[in-house]
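*Asks:* just a sequence and a predicted model for now, questions to come.
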Amino acid sequence: MSTTPRRFPLLVAALLGVAVLGLAFFGLRASREPAVEATTPAVPAQGPGRTITHAQGSTVVAPNPKQVLVFDLATLDTLDALGVEVRGVAGEYFPGPLAKYADAKKYPRFGTLFEPDYEAVHAARPDLIITGGRTSARYAKLAAMAPTIDQTTDDADFLDTVVGNTERLATVFGKEDPARALIGELRQSIETLKATTATRGKGLIVLTSGGRMSAYGPGSRFGVLHESFGIPPAAPSLKASLHGEAIGSEFILETNPDWLFVIDRDAAIGEGGGAQRLLDNELVRQTTAWKQGQVVYLDPANTYLIGGGIQSLRRLVEQLSDAYAKPRQPPAP
């Protein structure tokens, strides 16, 4: 009689037993070995919210976010005007109107404007990150960690950008009414200023830094004085570059502006300031601006660091309005 039918069930049972023992062995080994962390970065999920269009695309933002990190001084200026509190900020220097943000206990630091502290940002689990200007180059990396909008201004269309940035923040935080009031007041003050500037002569914008000078014209980062405030440019052909066009006192004399608007970068960043000493020379003293007492030293921090905020722009309009309201008098010898 053949024995094959009896051997087959025995063989199958043996194989099943080996398989079970093998699974048990590998399961035990896996339980003893440490888990390997995933290397793919986590992309934050964007739940229900409103799609916000900004300088670097569009982002879905949850309604009225609370955990907000801000990497832009101009945005802080506007949020302060709208009455919006923030979770944290970047940098260590908060001049003049932004002095309250220097309290590191109330407003924790998350790196600098040029280099965010990404670990701290990740740990904070923000609802919203806001970049702009000096931090715009870090937008993509921050946007991979949490919903992020970019508030960078457009030098060629500065006033409308500032208004648009204000309206965007108002939409995000439900502050439409105060935003409309701020924008209305700003536009009215600009129209009043333009009625004066158009007939009071040409102006030249000069930035001083470390004993050197650069001039800015229409389309530049300070071109709003010409394009929106109505000040005729004394040097309309200047190149609209980020750092301006390098000049000397000879250029100022040759241009001979009726108004000279000066931004002292060293004073803006807290490194003293030497604009007045630099300009007080034989050549500049021959210009119409100097002779008629129309050399205006613009608030350096407000113009250079915070420029682009709704309150910053209003303060600039106020300073210029005050300058044009003063009688023409030469500076004291």
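*Replies:* Happy to help now that I have it. Residues are numbered from 1 along each chain as shown.
*Asks:* how close does Gly133 get to Asn165?
*Replies:* 11 Å (Cβ to Cβ, to the nearest Å). Every residue, glycine included, has its C-beta placed from N, CA and C.
*Asks:* ugh, wrong one, I meant Pro63
*Replies:* 19 Å.
*Asks:* these two - which one has more neighbours?
*Replies:* When Pro63 and Asn165 are compared for neighbours, Asn165 comes out ahead with 27 against 11, by other Cβ atoms under 10 Å.
*Asks:* residues in contact with Val317?
*Replies:* Each residue near Val317 by Cβ atoms under 8 Å, 6 or more residues apart in numbering is listed here: Leu186, Ser189, Ile190, Leu193, Phe229.
*Asks:* list the buried residues of the helix or strand containing it.
*Replies:* According to DSSP states H and E, Val317 maps onto helix 310-325. Residues of helix 310-325 classed as buried: 310-317, 319-321, 323-324 (neighbour count, 16 or more other Cβ atoms under 10 Å).
*Asks:* tell me the one of these nearest Ala137?
*Replies:* Ala137 lies nearest to Ser312 out of the buried residues of helix 310-325, by Cβ to Cβ, at 21.9 Å.
*Asks:* contact partners for the closest one?
*Replies:* So Ser312 contacts Ala74, Asp77, Pro97, Asn302, Thr303, Ile306 (Cβ under 8 Å, 6+ apart).
*Asks:* on the pLDDT front, check the fifth one for me.
*Replies:* Right, the one you point to is Thr303. According to the prediction, Thr303 has pLDDT 96.
*Asks:* and if you look at Ala332?
*Replies:* 50.
*Asks:* with Thr153 instead?
*Replies:* 95.
*Asks:* go ahead and confirm it touches Arg134.
*Replies:* No. Using Cβ atoms under 8 Å, Thr153 makes no contact with Arg134, being 11.6 Å away.
*Asks:* which one's more surrounded, those two?
*Replies:* Per other Cβ under 10 Å, whichever of Thr153 and Arg134 has more neighbours is Thr153, with 23 against 18.
*Asks:* so what's Asp77 up against?
*Replies:* Pro97, Leu98, Ile306, Gly308, Gly309, Ile310, Gln311, Ser312.
*Asks:* and the helix or strand where Glu185 lies, which residues are buried?
*Replies:* According to DSSP H and E, Glu185 maps onto helix 176-197. Across helix 176-197, burial judged by 16+ other Cβ under 10 Å covers Ala179, Leu182, Ile183, Leu186, Ser189, Ile190, Leu193, Thr196, Thr197.
*Asks:* coming back round to it: include pLDDT when you put the contacts of Val317 into TSV, please.
*Replies:* Putting the contacts of Val317 into TSV (pLDDT from 0 to 100) gives the following:
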residue	pLDDT
Leu186	98
Ser189	98
Ile190	98
Leu193	97
Phe229	98
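*Asks:* among these, which one lies nearest to Ile205?
*Replies:* Distances from Ile205 to these, taken by Cβ to Cβ, are shortest for Phe229, at 11.0 Å.
*Asks:* around the closest one, how many other residues sit close by?
*Replies:* Phe229 - counted by other Cβ under 10 Å - has 22 other residues nearby.
*Asks:* repeat that for Gly309.
*Replies:* Count around Gly309 with other Cβ under 10 Å applied: 29.
*Asks:* and for it, nearest residue in space, chain neighbours not counted?
*Replies:* The shortest distance from Gly309 to any non-neighbouring residue, by Cβ to Cβ, 6 or more residues apart in numbering, is to Asp77 (2.6 Å).
*Asks:* and the end-to-end length of stretch 207-219?
*Replies:* Terminal residues of stretch 207-219 lie 15 Å apart, using Cα to Cα, to the nearest Å.
*Asks:* now it: buried residues?
*Replies:* Under the neighbour-count criterion of 16+ other Cβ under 10 Å, stretch 207-219 has Leu207, Thr208, Ser209, Met213, Ser214, Ala215, Tyr216, Gly217, Pro218, Gly219 buried.
*Asks:* kindly report the same for stretch 287-294.
*Replies:* Buried, per 16+ other Cβ under 10 Å, within stretch 287-294: Thr287, Thr288, Ala289, Trp290, Gln292, Gln294.
*Asks:* which residue is nearest the centroid of this structure?
*Replies:* Nearest to the geometric centre of the chain sits Gly132, at 2.8 Å (Cα atoms, centre = their mean).
*Asks:* so what's it up against?
*Replies:* Applying Cβ under 8 Å, 6+ apart, we find Gly132 in contact with Ala55, Phe71, Asp72, Ala74, Thr75, Asp150, Gln151, Thr152, Thr153, Asn165, Gly308.
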